[in-house]
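>>> my questions are about this predicted structure, shown below with the sequence.
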Amino acid sequence: MPQSTVFLIGLSGPAAAGKTTLPHILTHIFCPHVSLILHGDDFCKEFDQIPTVNGYLDADGPAGVDFMRMGEVLDYVKVQGTTPEGFNSWQADVFPGQDTRALRMMDSNMLEDLREQVRASRVFEDEVEGKRLVIVEGFLLYNIPDIRKRLDTRLFVK
């Protein structure tokens, strides 16, 4: 089996830890190596498929996420380097301008310094050399072993 040209980076942590913001900053720092950001929220089930607990939708629990579909998309991305036809991330529609907002959260000189440090470190010479980085962020990424094993590396944001 040919070696994948995609390196999947999992990014997880609690609510409001910066999981959605950080990939946009990392995309700038690791440019041009990051080719795609996948959001765990894009795999939320439809409302009529989400169970209720005490009369309320339990969208924040594992039963509210379509992990099977997430696994299928991760497998496709790993081989093809892009999302499957028909896959649509609602993040860009619901939260337009995430890149711009994320970059405004950091000093531009610091961003450029970090970018230069990454280039100088030659971090891409070994395991990720010649690969495109895909960042997969979501608060339940590590909850499901089948998803965890698909990720080439995992980071936790507090």
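Received the coordinates, thanks. Bear in mind the structure is a predicted one, so any value in this text is a computation, not a measurement.

>>> what pLDDT does the nearest residue to residue 40 once chain neighbours are set aside get?
Excluding its sequence neighbours, the residue lying closest to residue 40 (C-beta to C-beta, 6 or more residues apart in numbering) is residue 138, at 1.9 Å. C-beta coordinates here come from the backbone N, C-alpha and C atoms, glycine included. Residue 138 carries a pLDDT score of 90 in this model.

>>> same deal with the one 3 residues further on?
For residue 141, the model assigns a pLDDT of 89.

>>> wait, what's in contact with the nearest residue to it once chain neighbours are set aside?
Distance criterion C-beta to C-beta, 6+ apart; nearest residue to residue 141, sequence neighbours excluded, is residue 12 at 4.2 Å. Going by C-beta atoms under 8 Å, 6 or more residues apart in numbering, residue 12 touches 19, 137-142, 154-157.

>>> and for residue 62?
Shown in contact with residue 62 (C-beta under 8 Å, 6+ apart): 140, 143-144.

>>> now the residues you listed in TSV, with neighbour count and distance to residue 36?
Listed next are the contacts of residue 62 as TSV, based on neighbours: other C-beta atoms under 10 Å; distance: C-beta to C-beta, whole Å:
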residue	neighbour count	distance to residue 36
140	17	20
143	14	22
144	16	21
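
>>> kindly indicate which of those residues lies nearest residue 41.
The closest of the contacts of residue 62 to residue 41 turns out to be residue 140 (C-beta to C-beta; 10.3 Å).

>>> where does the closest one fall, phi/psi-wise?
With angles defined as degrees, to the nearest 10, residue 140 sits at phi -120, psi 20.
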